[in-house]
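J.: 3D model of this:
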Amino acid sequence: MSSLPFTQVDAFADAPFTGNPAAVMPLDAWLDDETLQAIAQENNLSETAFTVSTPDDPDADYALRWFTPTLEVKLCGHATLASGHVLMEGDAVRFRTRHAGILSVSRAGQGYALSLPAWTMTPRDLPDLSEGLGGAPIESHWRDGGYSLFLFPDEAAVRALSPDFAALRSHGDVMLIATAPGTDSDIVSRVFVPGGGVDEDPVTGSAHCLLTPFWAERLGKTQISAEQASARGGRLGCALEGDRVMLTGACRTVIEGRFLL
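T.: Down below sits the predicted model:
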């Protein structure tokens, strides 16, 4: 029997039991993909982050991969923030990813700042996704790779959504982002990825790669306060800096232990 270190972290969380939980599991070397997926399924969290130290890489301290309970994802913000919380020894830590390039986490006050790519979207009618999402969006947008965004008139409309998850699963691994102007924050959102094994994600860093440039243009400012209106809830600071998005938030460690194989 072998054992692996295991840390569960609530990311983008001001207190335990808020934000988005992620498992962080540093490895000495990569396990096979089937085992990584089985571990993520056992953890049954939105994402499990696996890291391997890369001492010979001049641009990154660790290689990083993320798995939901059903598949590997190309980008996960909250589990990257959680990985930085667990692994950071100085003021910053850099991660090499397979699809999103180099991501970095640095200290920022009582929390952390996460650097992610800024992604733009194209207006597109998405009637099938809109029907499954429910409500009456006033705009819909798309980015290749499986990202959709739906603009609603107000926060109440976003909070009232009750998606048909079975219908949405039939469209595969597509992220659906519902957003509107916020009441206690600049913007509010909810995020659903039923085809990727996560019906509603508590707080989604990768969604804010899209939300930040989307709203920066409409609000005419590059510093945005954001709330994700899931049951757990989470608040993020968002800044558009050229072709990067900087997200700020805190993390709380809630479980430490060993995973036995």
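J.: could you give the mean pLDDT of stretch 2-18?
T.: For stretch 2-18, mean pLDDT is 94.
J.: Likewise for stretch 238-245?
T.: Rounded mean pLDDT across stretch 238-245 is 97.
J.: likewise stretch 78-95?
T.: 97.
J.: Please apply the same query to stretch 181-201.
T.: On average, stretch 181-201 scores 97.
J.: Export the helix or strand hosting F6 to PDB, keeping only CA atoms.
T.: In this structure, F6 sits in strand 3-11 according to DSSP states H and E. Provided in PDB are the C-alpha atoms of strand 3-11 (Å, rounded to 0.1, in the frame of the first residue of the first chain):
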ATOM      1  CA  SER A   3       0.000   6.800   0.400                       C
ATOM      2  CA  LEU A   4      -0.200  10.300  -1.000                       C
ATOM      3  CA  PRO A   5      -0.400  13.600   0.800                       C
ATOM      4  CA  PHE A   6      -3.900  15.200   0.600                       C
ATOM      5  CA  THR A   7      -5.000  18.700   1.500                       C
ATOM      6  CA  GLN A   8      -8.600  19.900   1.000                       C
ATOM      7  CA  VAL A   9      -8.800  23.700   0.600                       C
ATOM      8  CA  ASP A  10     -11.700  26.100   0.400                       C
ATOM      9  CA  ALA A  11     -10.600  28.500  -2.300                       C
END
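J.: Any idea how many residues pack against the nearest residue to A108 once chain neighbours are set aside?
T.: Distance criterion Cβ to Cβ, 6 or more residues apart in numbering; nearest residue to A108, sequence neighbours excluded, is T248 at 5.2 Å. Bear in mind the C-beta positions are built from the backbone N, C-alpha and C, glycine included. By other Cβ atoms under 10 Å, 18 other residues sit near T248.
J.: Could you please name the strands the strand holding F6 pairs with and the direction of each pair?
T.: strand 20-27 (antiparallel), strand 251-260 (antiparallel) (DSSP bridges).
J.: H141 touches S130, doesn't it?
T.: No - contact criterion Cβ atoms under 8 Å: H141 and S130 do not qualify, at 11.4 Å.
J.: shared neighbours of the two, anything?
T.: F150 (Cβ atoms under 8 Å, 6 or more residues apart in numbering).
J.: ok, these two, which is more surrounded?
T.: H141 (20 against 16).
J.: per-residue pLDDT, that one?
T.: Value listed for H141 in the pLDDT field: 98.
J.: so it, which of the three states?
T.: strand (DSSP: H, G, I helix; E, B strand; the rest coil).
J.: Skipping adjacent residues, who's closest to it in space?
T.: M121 (3.9 Å).
J.: do F165 as well
T.: Nearest non-adjacent residue to F165 (Cβ to Cβ, 6+ apart): P194, at 4.4 Å.
J.: E256 versus that neighbour, what's the distance?
T.: Distance, P194 to E256, by Cβ to Cβ, to the nearest Å: 31 Å.
J.: same thing with P153?
T.: Going from P153 to E256 by Cβ to Cβ gives 44 Å.
J.: got it, and T51?
T.: 16 Å.
J.: more neighbours, those two?
T.: Remark: of T51 and E256, T51 carries more neighbours, 21 against 11, as counted by other Cβ under 10 Å.
J.: Please enumerate the helices of the stretch 151-261 of the chain.
T.: 155-159, 165-169, 207-219 (DSSP state H, counting those that start in this stretch).
J.: and of those helices, who's closest to I39?
T.: helix 165-169 (22.9 Å; Cβ to Cβ).
J.: Show me what the closest one is packed up against.
T.: Applying 3 or more Cβ pairs under 8 Å, 6 or more residues apart in numbering; DSSP states H and E, we find helix 165-169 packed against helix 127-133.
J.: Mind checking the pLDDT average for the helix it packs on?
T.: 96.
J.: measure the residue lying closest to H85 once chain neighbours are set aside to L129 for me?
T.: In space, and not counting its chain neighbours, H85 is closest to C251: 3.9 Å by Cβ to Cβ, 6+ apart. From C251 over to L129 the distance is 32 Å, taken as Cβ to Cβ.
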